[in-house]
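Peer 1: Just the structure for this:
(chains A, B, C, D and E)
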Amino acid sequence: MLISRNLKLKLILFYTWKSLLYYTLLAIAVFLLHDYYKIIDLSIPFNTITALSTALAIFLGFKNNYAYDRWWEARKVWGLLVNYSRVWEREVRILIGKNDLEDQTEINSLKRKLVFRHIGFVNALRVYLRKTNGFINKKVELFEEENQYVEVKNYLDPVEFVHFYNKNNPPNYLLNEQGKDLKNAYDKNWIKEYHLIRLEETLIEFNNIQGMCERIKNTPFLRQYSFFSRVFVFIHASLIPFAFVSGDLHLAMIPISVAISFVFLALDLIGERTEDPFENRLEDVSMTALCTAIERDLKESIEEPSLPEKIKSNADGVLM
Amino acid sequence: MLISRNLKLKLILFYTWKSLLYYTLLAIAVFLLHDYYKIIDLSIPFNTITALSTALAIFLGFKNNYAYDRWWEARKVWGLLVNYSRVWEREVRILIGKNDLEDQTEINSLKRKLVFRHIGFVNALRVYLRKTNGFINKKVELFEEENQYVEVKNYLDPVEFVHFYNKNNPPNYLLNEQGKDLKNAYDKNWIKEYHLIRLEETLIEFNNIQGMCERIKNTPFLRQYSFFSRVFVFIHASLIPFAFVSGDLHLAMIPISVAISFVFLALDLIGERTEDPFENRLEDVSMTALCTAIERDLKESIEEPSLPEKIKSNADGVLM
Amino acid sequence: MLISRNLKLKLILFYTWKSLLYYTLLAIAVFLLHDYYKIIDLSIPFNTITALSTALAIFLGFKNNYAYDRWWEARKVWGLLVNYSRVWEREVRILIGKNDLEDQTEINSLKRKLVFRHIGFVNALRVYLRKTNGFINKKVELFEEENQYVEVKNYLDPVEFVHFYNKNNPPNYLLNEQGKDLKNAYDKNWIKEYHLIRLEETLIEFNNIQGMCERIKNTPFLRQYSFFSRVFVFIHASLIPFAFVSGDLHLAMIPISVAISFVFLALDLIGERTEDPFENRLEDVSMTALCTAIERDLKESIEEPSLPEKIKSNADGVLM
Amino acid sequence: MLISRNLKLKLILFYTWKSLLYYTLLAIAVFLLHDYYKIIDLSIPFNTITALSTALAIFLGFKNNYAYDRWWEARKVWGLLVNYSRVWEREVRILIGKNDLEDQTEINSLKRKLVFRHIGFVNALRVYLRKTNGFINKKVELFEEENQYVEVKNYLDPVEFVHFYNKNNPPNYLLNEQGKDLKNAYDKNWIKEYHLIRLEETLIEFNNIQGMCERIKNTPFLRQYSFFSRVFVFIHASLIPFAFVSGDLHLAMIPISVAISFVFLALDLIGERTEDPFENRLEDVSMTALCTAIERDLKESIEEPSLPEKIKSNADGVLM
Amino acid sequence: MLISRNLKLKLILFYTWKSLLYYTLLAIAVFLLHDYYKIIDLSIPFNTITALSTALAIFLGFKNNYAYDRWWEARKVWGLLVNYSRVWEREVRILIGKNDLEDQTEINSLKRKLVFRHIGFVNALRVYLRKTNGFINKKVELFEEENQYVEVKNYLDPVEFVHFYNKNNPPNYLLNEQGKDLKNAYDKNWIKEYHLIRLEETLIEFNNIQGMCERIKNTPFLRQYSFFSRVFVFIHASLIPFAFVSGDLHLAMIPISVAISFVFLALDLIGERTEDPFENRLEDVSMTALCTAIERDLKESIEEPSLPEKIKSNADGVLM
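Peer 2: Next up is the predicted model:
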């Protein structure tokens, strides 16, 4: 997630230089052909562009709306994860227990285990989502981060970690383990009939959170829309110099047609990169920071002595 | 669901060649009449088109917004089905049972039956939705898939399958059967009074999921809108060559008017095909892949020895 | 609800012929005055129309968005009614009962009564909604359907039907009767304390469903918006011939200005007719079909011997 | 709420005559200066207006969308109040009681009190919302209604009414009183542990309903937006005559520029008046009618002998 | 939050004078170069601006929609806080207690503590949100307010306040303390098994409310969008004088190009300032007023003798 209010030129050029180069060369070529070699019939009436711009505007507005909605839904889901992580810790504390003194050590160690495994679940979900999947053609990125399941090791029992590591769906495995421990505690009478359901309902929230993330990750924004918006931006940009060449702009026609093409390119590209919020790149939802924030909150609540450092944005204003 | 980032030309032409041919022939005809046979009065002022384009833009933006919303709602509903399938498996595991040793074999076989029948329900829902209904004029499609109720056979008791097969609403029958088994287990004291409700509430989720899918399947996007958008795209495309013929474009007027018509056609057609997500064609929500994913998750959780293969997208980048 | 993909010309003309006639006569008059009698000052610069078109576009886009949202919300609410009808039948089956053999006949007849009265409720809601209310100026419609409370007679006890028939709010009366029967069954120990609440919460869903339908029925789309959109479409259409008359269109100006006016008229009229989904006309949510579908599902579940026929769309492609 | 399909001219002029007068005088002045006194440089190219219109269109579309959303949310909230009022009556009836014959008279009088106090709450909420608050500059309105807390007197115990009348937040006081009576009934064993929660959850709905109404009432649509939309409509209207004066419109330029200005004014003004749904004026949500509808439904359910008259729209088509 | 219907010129100039100065100087410079020094080639055809305006319009409409949605969501969340604060007070009153006379003093003092700590939570949340965070470049503001954790002191036990003051997440600490007190009361049998869950579910609402506020506070509106909208508004405004200089506007071209640039600037700037609702500046959600309103409601309900004064808007029409 970008934090700094201004985008660095480096960043913008990194993702657009190829298109900008094409726009500039095309504009120069058209200018030379028209003004030097006097091939006047080259020009297109400006109305053509206007008609195309309208249709393109629909496409791009549409694309950006839905791209942003995807991103913001992803962020909302991770916000829910923060909220229900705090809920889970509190519920484990107040809904598990016995009035008599028996089993108190076991109960306390169970509670600690349930909270730590939850921190493990949160991190596992992050790693699970940031793994690249087949259908995003991964390009070289300016910023990347390491995300590995071994980061989850500290929060789990060593034997459990081995099972965890070999599952198809590791985060779901951890939710199942939470369920098993609740069942055992219920069978030992550490949890009341009704309180078990409240804990189960909090687990359902985590199922829903994981499922919503998987949905956004595994269902790309409909290819029909993003493909044609890219194609139409290209056609539009290719026609623009022909429309401007006939005015009285002379040389000024080159920067102006590049600038206008760039505006549409920017709209298309921002949508393109915003629509996938879990791809381990700079536009990502800042899952690493959120995982640490959850860990800090939960460890403070269970009065662990040392908390991990808060994650800050890096020198380029990116918070992962 | 299309997975590949770029659409193949084959695919685009398959669905648009008739319209493209019409646009081209019309543009050529208009060009010849005007530039060769000098029927100059043929031209229309460009402003006419602009006014029409505005109204068309509203229509198409509107149509695509709602088409996408339908598709995305369908995908969300299937995402819920993934989440609650995992919930169902966990709840069956932790909310059914007895503390003493009696009935343990029966209870375990009941649990297995409830999970397998659920996998059956998920597949039955897919088949139920992909059956064509009367009011979609089924055209020839590039990609299709076989969807038959016999695929559900493996997950059901043979007798139950026969009943299932003869029902008007087979998936709903399976939910009713789940209810009956819960009732029996409750009467045998394998489920507590309160826990029965938690299981029932998970069944309600499945009723809602099925009902939401049926709603999208059985209620086409309002015909008023899609009919007129098609008609207006046709009128618009028919007028465009007359507007361009009077400029200085000469021969260039042919590709340009075809291109602009194509942009509007694409917007219309994408909306048209996105709005129905359960029609057994390439834009479908990838229900086959999701069914298998659910089966894999649930079988992994109940520790079945062999899992079905994960569904991958085919050579054309389509995931069903 | 229109099912057929193409609208018949008959249908379109039925609702628009007056406006079309006006547009045509006006265009002819303007043409004659200008081209024959050479009253040249008659023309308006096209820019005037463009400015007006923009404002009109906002209005019409706005109107259609909200009209569609109203319609789709109505359809969603009826979808919920389908889902919770199935839930109600299942809950009546599994949450009412006693373990011993006493009262079994009475309990079974109560269950049947609760399900039949529910089918009665669904049909009563349909009739209640399709009754015209004062503030829709009912015009002659192409398709209409009979909706009378006597259709509910078969699902109710004869005495109850008499009371039902004389109430201000008949569907709400049936929900109250359901509540009374639950109360009696609870007092007789046929329903557990907690299960009573689950059944009550399902009744709350029906209260919400009925209330949402009443809200849409009784609150017209804000008159401020629909009135001015109609007025502005009229003004716009009245100015259009004056703008086209000065071009080189000659006679072609007549069909073109009628066509453009028609596009805006269509947008306005579709919105106007979509915004009220319970008016017993062809754009209605297909409540008759949904009522029968619910009856079929519920009767199949309680194993009634004969099911009513599924409702199909009529010869004109309309499903009520 | 306006019910009649057509707005009376009286109504439109009442709210716009000042602006219309200004538009007309300005257009006449510009026309005279240009055509009579030949100050030709007065004219502005039409493109200026087009650029401004686009920006204004965004503003007005935006404003009307959110204004309508506010109004419709307000209506939805009152719809919820209708639904949950029916729920409250039914729950009071079926969830409070005892199996033995003791206390029956007291219980019945408590039930009646809970239902009547609820009717009091609904009316108190209406009065509370229609009281003007400081930051709406109340202008003279065509239609107003009396709303006073004394109207609530009939539904409350006389002592309770005195307390009620002197509270800062009278409707909230009534919800607290409902809570106290539930608590007492629970202490006397007239309500089960679990049923108390179901009743409490219905009270939470009323808290939410009241809070949502207060939010809409106390938070005006962001002033930044409504202020600038008014200013820009004014600037736009002031420039329009200068743009039209240079065409060949001559005298026709006066009605046309007034008409176009009026379209934008109408869009602005409708938004401005729709955005506040609880201001005791003709665009209000019809709270008086809804209060009476709730009273009729509840009294019919508890079999009160006489029901209040249904509220109809007045002669001008306004339903309060 | 701005309350006054009209914005003062002082306020508008405070935030825009730099841009306005730039626009004016640029327009004057272009005018002089063109009309005095006759550098005629300076002009740009107006169509260039139109194309750019379209794309800019998409950007700005998009930005303002989402900025408003963020603000309104923030306001909704604080509305929920109002509602559930009232719920909390009532639930504490009716769900905690014992039928016999034992412990009554302790129970009453616990109830008072739970309500006061909640008022503390509400204020702590306000302070927590209004603390500036790193990534908003805080500029000098016209209106600011003091927000310090010491304001919470009165509502907490002195020892608790010290702990509270030293936490990373002070509001969350208070929710955890509420949980601990509920647990103790439950262990002492002052709360029933099921009632504990209802109270816990109200705490979950507060977790969600806090989390939603944190999400909006910590996730800026995507920088990609706000950066480019600012850049494009700047480019657009820089080109405008060149487009107007060639008309017949002469000197009038200066105020007109400044006015048009200002319209776009206003749209951008309002979005920019609306998108962050918790920054201790005049566009903030009025959290101070809401905190006091909650305190007044709760103290009135528990019959505290003295209530704090209601917060009014200040002389400039700003309500914090």
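Peer 1: And the helices in the stretch 1-150 of chain A, which stretches?
Peer 2: Secondary structure of the stretch 1-150 of chain A (DSSP state H, counting those that start in this stretch): helices at A:9-31, A:46-95, A:104-130.
Peer 1: quick one, what contacts A:Y194?
Peer 2: When contacts are counted by CB atoms under 8 Å, 6 or more residues apart in numbering or on different chains, A:Y194 touches B:Y194, E:E193, E:Y194, E:I197. Using the backbone N, CA and C atoms, a C-beta is placed for each residue, glycine as well.
Peer 1: Just the ones of the residues you listed in helices?
Peer 2: Taking DSSP state H, the ones among these that sit in helices are B:Y194, E:E193, E:Y194, E:I197.
Peer 1: got a list of what the second one touches?
Peer 2: For E:E193, the contacting residues are A:K192, A:Y194, A:H195, E:Y186, taking CB under 8 Å, 6+ apart as the criterion.
Peer 1: residues touching the first one, list them.
Peer 2: The neighbourhood of A:K192, defined by CB under 8 Å, 6+ apart, consists of A:L95, E:E193.
Peer 1: what's the pLDDT at it?
Peer 2: You'll see A:K192 listed with a pLDDT of 92.
Peer 1: Quick check: it vs E:F264, distance?
Peer 2: Computed as CB to CB, to the nearest Å, the A:K192 to E:F264 distance reads 62 Å.
Peer 1: again, but for the last one
Peer 2: According to CB to CB, E:Y186 stands 60 Å off from E:F264.
Peer 1: Neighbour count for those two, which is higher?
Peer 2: Neighbour comparison, E:Y186 and E:F264: the larger count goes to E:F264, with 26 against 22 (by other CB atoms under 10 Å in any protein chain shown).
Peer 1: E:L156 versus the closest residue to chain D within the stretch 151-300 of chain A, what's the distance?
Peer 2: For the stretch 151-300 of chain A and chain D, the shortest gap (CB to the nearest CB) falls at A:Y194, measuring 9.2 Å. Distance of A:Y194 to E:L156, given as CB to CB: 31 Å.
Peer 1: Assess the claim that A:L239 and A:N47 are in contact.
Peer 2: No. The criterion here is CB atoms under 8 Å, and A:L239 misses it with A:N47 at 11.7 Å.
Peer 1: Rounded mean pLDDT for the host helix or strand of A:K299, please.
Peer 2: Element membership for A:K299 (DSSP states H and E) is helix A:287-301. The predicted model assigns helix A:287-301 a mean pLDDT of 94.
Peer 1: other SSEs contacting it?
Peer 2: Helices and strands touching helix A:287-301, by 3 or more CB pairs under 8 Å, 6 or more residues apart in numbering or on different chains; DSSP states H and E, are helix A:46-95, helix A:104-130, helix E:170-187.
Peer 1: Single out the most deeply packed of the ones you listed.
Peer 2: helix A:46-95 (a mean of 22; mean count of other CB atoms under 10 Å in any protein chain shown).
Peer 1: So is that one next to chain E?
Peer 2: Yes. Helix A:46-95 is in contact with chain E by CB under 8 Å from any CB of the partner chain, via A:46, A:49-50, A:53-54, A:57, A:60-61, A:64-65, A:68, A:71-72, A:75-76, A:79-80, A:82-84, A:86-87, A:90-91, A:93-95.
Peer 1: same deal with stretch A:313-320?
Peer 2: Yes. Stretch A:313-320 is in contact with chain E by CB under 8 Å from any CB, via A:S313, A:G317.
Peer 1: follow-up on the earlier one: could you dump the contacts of E:E193 to a markdown table with distance to D:E201?
Peer 2: Shown next, in a markdown table, are the contacts of E:E193 (distance: CB to CB, whole Å):
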| residue | distance to D:E201 |
| --- | --- |
| A:K192 | 20 |
| A:Y194 | 15 |
| A:H195 | 18 |
| E:Y186 | 20 |
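Peer 1: Taking those, tell me the two that lie furthest apart.
Peer 2: Within these, A:Y194 and E:Y186 form the most distant pair, 12.1 Å apart (CB to CB).
Peer 1: ok so, going back, nearest to chain C, out of the contacts of E:E193: which one, please.
Peer 2: Nearest to chain C among the contacts of E:E193, counting by CB to the nearest CB, is A:Y194 at 9.2 Å.
Peer 1: Could you look up the SS state of the spatially most central residue of chain A?
Peer 2: Closest residue to the average C-alpha location of chain A: A:P277 at 1.8 Å, with CA atoms, centre = their mean. Going by DSSP: H, G, I helix; E, B strand; the rest coil, the secondary structure assigned to A:P277 is coil.
Peer 1: what's it in contact with, if anything?
Peer 2: Contacts for A:P277 (CB under 8 Å, 6+ apart) come out as A:R70, A:W71, A:A74, A:R75, A:I216, A:E283, A:D284, A:V285.
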